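*Asks:* sequence plus predicted model, see below.
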Amino acid sequence: MRSEMDVYVPRTLDEALQQKSAHPDAISLAGGTDVMVEINFGRLRPAGIIDLTRIPELREWRREDSHLFLGAGVTYSRIVRELADFVPLVQASRSVGSPQIRNRGTVGGNLGTASPAGDALPVLAAYDAEVVLQNRRGTRSLPWHTFLQGPKKTAMAPDELIRGTRWQVVNGPGSFSKIGTRNAMVIAVAGLCLQVDQDARQVRVALGSVGPTILRAPEAERFIAERLTWDDPGAPVTDEVVAEFAELVGRAAKPIDDVRGTARYRVHGCTVLAGRALRWALEERKAFKWL
Amino acid sequence: MRTNVNGEWREADIWPGASLLTLLRDAFGLTGSKNACEQGECGSCSVWLDGELVCACLVLAAQAHDRQVRTVESVADGQRMSAVQDAFVEAGAVQCGFCTPGFVVAVTHLLAQDPNPNEVQVREALSGNICRCTGYAKILDAVTLAASRLREDR
Ligand SMILES: Cc1cc2nc3c(=O)[nH]c(=O)nc-3n(C[C@H](O)[C@H](O)[C@H](O)COP(=O)(O)OP(=O)(O)OC[C@H]3O[C@@H](n4cnc5c(N)ncnc54)[C@H](O)[C@@H]3O)c2cc1C
Ligand code: FES
Ligand code: FES
């Protein structure tokens, strides 16, 4: 079952963009933790492979004024070590696979695969991140929800690479949590990221594994934004408000039954995760007097 | 393509879609790294790529071109087994042995980073390695034994 396949090993971004434009049917390869499984099992036989792991531009992250730019090739292990300020992103990264997987897997690859169970994706959605795409002629940025079109479907053109993702650094507590059958190496049954944005006076909630793609919970977000006392982090929030918020988050889920769990279990999971995440955020807001 | 394996530069001509694991086993005859799942789940193919712990089955061979690979074959000092290998034998942490090379690499890596890990850290560090036989208790014993010996040696 072997076939002709050309492998390109560009050393610079320019070179990679040239090759992608000359060979749009060649697939991009980063950590290989999704692609290599497909190749090993003979499910994928691309005409060519472009290895992106030697391109320095893709492996860097930097602050750009009030934004963070995260290169597509930054691995989960590096996020855990280097980006401690971004708590939900670190929590999601730490939950991916195993040390071996985190040493190779990248956020660019998570975006490229666009699985509804991609753990970095709810975090990017709660950050309101944009995805930066580049081809030989230039770059364009798409909001995360325009980039992610459906299960394993993205708005990326065949001659484009994912350069990275970019978001406004948020002032406020947040978390990522997921439900699975054990602590390591699980595909989430439900995943949730909640991020409080003190400056915009928003609580943003994004769900993974409970729909064809990543979902936000706009009704729940509106409800809680109106109930919080934004100028006083110490102001109490009743259990009823937390419960109603959690209920509304559950209603935003659009899950299906599959081998990993039933739709009802997943909605319930979202409700539990949402209630917990909101309580954590409120506690932290109180403790650190986030204003 | 050429790769530095265990300190020696080696060349091979293989199918471009082949993994680093295939390169090591089929082209270089280094069969210590095992092929069990080819999907990153079991860790029996664990090697170091430029010093980082990875599953060789998920690395395209060409990605290791011009890079340093270290395999389980490098862990022993000639005919003398390493403290980690000795500890696996003594603790009875080897049954069928298929997972052992991967565990030896992962444990060697862990103890090089942290000579005195607690149980949670050990479990976390070994979460990418699966054993169908031992039930892990003896593997954890082996880690404790190896760690204490290595600390004595320092
Ligand atoms: C054992 C195991 C456990 C796992 N556990 C988890 C988990 O817990 N959570 C989770 O979310 N995922 C998990 N995964 C899936 C995988 O690790 C992630 O999706 C990871 O983010 C993929 O990144 P990568 O760099 O390895 O991607 P690759 O496999 O290299 O690529 C994935 C896709 O993205 C494209 N791509 C990559 N980079 C670019 C770029 N710069 N420009 C354009 N396209 C690009 C590729 O063409 C391909 O389509 C697991 C995988 C394995 C094997
Ligand atoms: S063979 Fe590579 S992880 Fe199982
Ligand atoms: S000893 Fe048999 S798989 Fe571990």
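*Replies:* Here it is on my side, so go on. Ligands and ions are numbered 1, 2, ... in the order given.

*Asks:* ligand 1 contacts on the stretch 1-150 of chain A?
*Replies:* A:27-35, A:37, A:52, A:58, A:72, A:95-97, A:101, A:104-106, A:108-110, A:112-113, A:118-119 (CB under 6 Å from any ligand atom). Yep, even glycine has a C-beta here, placed from its N, CA and C like the rest.

*Asks:* make a PyMOL selection of whichever of those turn out to be buried.
*Replies:* Per 16 or more other CB atoms under 10 Å in any protein chain shown, the buried members of these correspond to this PyMOL selection:
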select buried, chain A and resi 27+28+29+30+31+32+33+34+35+37+52+58+72+95+96+97+101+104+105+106+108+109+110+112+113+118+119
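
*Asks:* can you flag which of the residues of the stretch 1-150 of chain A next to ligand 1 belong to strands?
*Replies:* A:27-29 (DSSP state E).

*Asks:* returning to that earlier point: of the residues of the stretch 1-150 of chain A next to ligand 1, which are in range of chain B?
*Replies:* A:29, A:31-33, A:37, A:97, A:101, A:104 (CB under 8 Å from any CB of the partner chain).

*Asks:* quick one: contacts for the spatially most central residue of chain B?
*Replies:* Here the mean C-alpha position of chain B is nearest to the C-alpha of residue B:105 (CA atoms, centre = their mean), at a distance of 2.7 Å. Counting by CB atoms under 8 Å, 6 or more residues apart in numbering or on different chains, residue B:105 touches B:46-48, B:53, B:71-72, B:75.

*Asks:* try 6 Å this time
*Replies:* B:46, B:72 (CB atoms under 6 Å, 6 or more residues apart in numbering or on different chains).

*Asks:* coming back round to it: tell me the least confident of the ones next to chain B among the residues of the stretch 1-150 of chain A next to ligand 1?
*Replies:* In terms of pLDDT, the least confident member of those is residue A:97, at 94.

*Asks:* now it, what are its backbone angles?
*Replies:* phi 40, psi -120 (degrees, to the nearest 10).

*Asks:* and it, how close does it get to residue A:109?
*Replies:* For residue A:97, the distance to residue A:109 equals 12 Å [CB to CB, to the nearest Å].

*Asks:* same check on residue A:177?
*Replies:* For residue A:177 relative to residue A:109 (CB to CB), the value is 22 Å.

*Asks:* list the buried residues of stretch B:87-106.
*Replies:* Those would be B:87-88, B:91, B:93-94, B:98-106, for stretch B:87-106 by 16+ other CB under 10 Å.

*Asks:* report whether that stretch contacts ligand 3.
*Replies:* Yes: using CB under 6 Å from any ligand atom, stretch B:87-106 reaches ligand 3 at B:94-99.

*Asks:* what mean pLDDT does that stretch get?
*Replies:* 97.

*Asks:* between its first and last residues, how far does it reach?
*Replies:* 14 Å (CA to CA, to the nearest Å).

*Asks:* how far off centre is it?
*Replies:* Centroid separation for stretch B:87-106 versus its chain: 10 Å, with CA atoms, centre = their mean, to the nearest Å.

*Asks:* now stretch A:256-270
*Replies:* 20 Å.

*Asks:* what comes up buried for that stretch?
*Replies:* In stretch A:256-270, counting by 16+ other CB under 10 Å, buried: A:260-261, A:266-270.

*Asks:* quick one: which of those residues is nearest residue A:227?
*Replies:* Nearest to residue A:227 among the buried residues of stretch A:256-270 is residue A:270, at 19.1 Å by CB to CB.

*Asks:* tell me the spacing between the closest one and residue A:174.
*Replies:* Counting by CB to CB - residue A:270 and residue A:174 are separated by 17 Å.

*Asks:* centroid residue for chain A?
*Replies:* Central residue of chain A (CA atoms, centre = their mean): residue A:121, at 1.8 Å.

*Asks:* next, the contact list for that residue, please.
*Replies:* A:208, A:214.

*Asks:* rerun that using 10 Å as the cut-off
*Replies:* A:92, A:107, A:110-111, A:113-115, A:129, A:144, A:147-148, A:191, A:193, A:206-209, A:213-214 (CB atoms under 10 Å, 6 or more residues apart in numbering or on different chains).

*Asks:* do residue A:26 as well
*Replies:* With the criterion set at CB under 10 Å, 6+ apart, residue A:26 makes contact with A:5-8, A:19-20, A:46-50, A:158.

*Asks:* and the pLDDT for it?
*Replies:* 98.

*Asks:* which SS state does the residue in chain B that ligand 1 sits nearest to fall under?
*Replies:* Residue nearest to ligand 1 within chain B (CB to the nearest ligand atom): residue B:40, separated by 3.1 Å. The three-state label given to residue B:40 by DSSP: H, G, I helix; E, B strand; the rest coil is coil.

*Asks:* residue A:276 now?
*Replies:* The three-state label given to residue A:276 by three-state DSSP is helix.
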